[in-house]
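# predicted structure and sequence below. I'll ask about it afterward.
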Amino acid sequence: MDLHNHTRYSRDGTMTPQELLERAAARGVDALAVTDHDCLRGALECAALAAADPSLPRVIVGEEMASCQGDLVGLFLTRQIPGGLDVLDTISLVREQGGLVYLPHPFDSLRRATMAPDWVDRVAAAADVVEVANGRALTWEANRRALQLASRHATRLGAGSDAHYPGEVGRTYLELSSPLSLGVPSAFLRGLRRARPCATRPLVGLSRSWFFCLRTGLLMALRRRSGLHGADGG
Ligand SMILES: [Zn+2]
């Protein structure tokens, strides 16, 4: 299971919903969360595709919101949550619709959108899941500190590729001995107790991450130049 993925409805994503799901299926992913930046459309499209085709992985509808203090993911959402809100208001909006609060890459300090350091503990205390393995982490240190944070606040452990293009899908994941039910968020959360985070080697992550930056930077520049903002989703 892979809890952090993007489609082209994210400004820096390249994959169509169908492409993301097919790639995940090819990588042996049983279920994945689709978490576009400030946009629910890609996740909803993925859920519809998966519901119509049992050969595709099961989908958790999610979103990665750019709060004032940094990125925060909501899982099991039904309504889009705007970016640019205070993180505590963002958490309230996730809770209002029965979703789970997932804190992504809390110590990946090289990213602009990582949660502000003086907010990390407060947000982790309010979160259901802390991401302790992120496919784009540049060092093991970021993941190791995230694991300590999750232990300190007794949250469930999360893992996700943070995939923005096909080569990243399914590279970081949660291993489970049997599939988790996605029907009820609270039951899903209980089931995460038996999930084991698995990450790729950091050196691979390092070299590929720089490539990602180059690639996604070029993509965003091209979209700006050609005025293709339709798939940005904010
Ligand atoms: Zn992300």
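Great, that's in hand.

# show me what the strand ranked longest in the chain is packed up against.
With secondary structure taken from DSSP state E, the chain has its longest strand at strand 58-67. For strand 58-67, the contact count by 3 or more Cβ pairs under 8 Å, 6 or more residues apart in numbering; DSSP states H and E identifies strand 31-37, helix 41-52, strand 70-75, helix 87-96 as packing neighbours. From N, CA and C alone the C-beta is placed, and that goes for glycine too.

# now with 10 Å?
Under the contact definition 3 or more Cβ pairs under 10 Å, 6 or more residues apart in numbering; DSSP states H and E, strand 58-67 sits against helix 17-26, strand 31-37, helix 41-52, strand 70-75, helix 87-96, strand 100-103.

# any idea how far the helix or strand following the shortest one is from the chain center?
The first helix or strand that comes after strand 100-103 along the chain, using DSSP states H and E, is helix 120-126. The gap between the average C-alpha position of helix 120-126 and the chain average comes to 17 Å, counting by Cα atoms, centre = their mean, to the nearest Å.

# give the buried residues for helix 120-126.
Neighbour-count burial for helix 120-126 flags 120, 123-124, 126 (criterion: 16 or more other Cβ atoms under 10 Å).

# which bits of the chain sit near the ion?
64, 162 (Cβ under 5 Å from the ion).

# at 6 Å what do you get?
By Cβ under 6 Å from the ion, the residues of the chain that approach the ion are 4, 6, 35, 64, 162.

# make TSV out of those residues and add neighbour count, pLDDT and distance to C46.
As requested, these are arranged in TSV below (neighbours: other Cβ atoms under 10 Å; pLDDT from 0 to 100; distance: Cβ to Cβ, whole Å):
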residue	neighbour count	pLDDT	distance to C46
H4	28	97	13
H6	28	97	11
T35	31	98	10
E64	26	97	14
D162	27	95	16
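
# and which of the residues you listed is nearest to I91?
E64 (13.6 Å; Cβ to Cβ).
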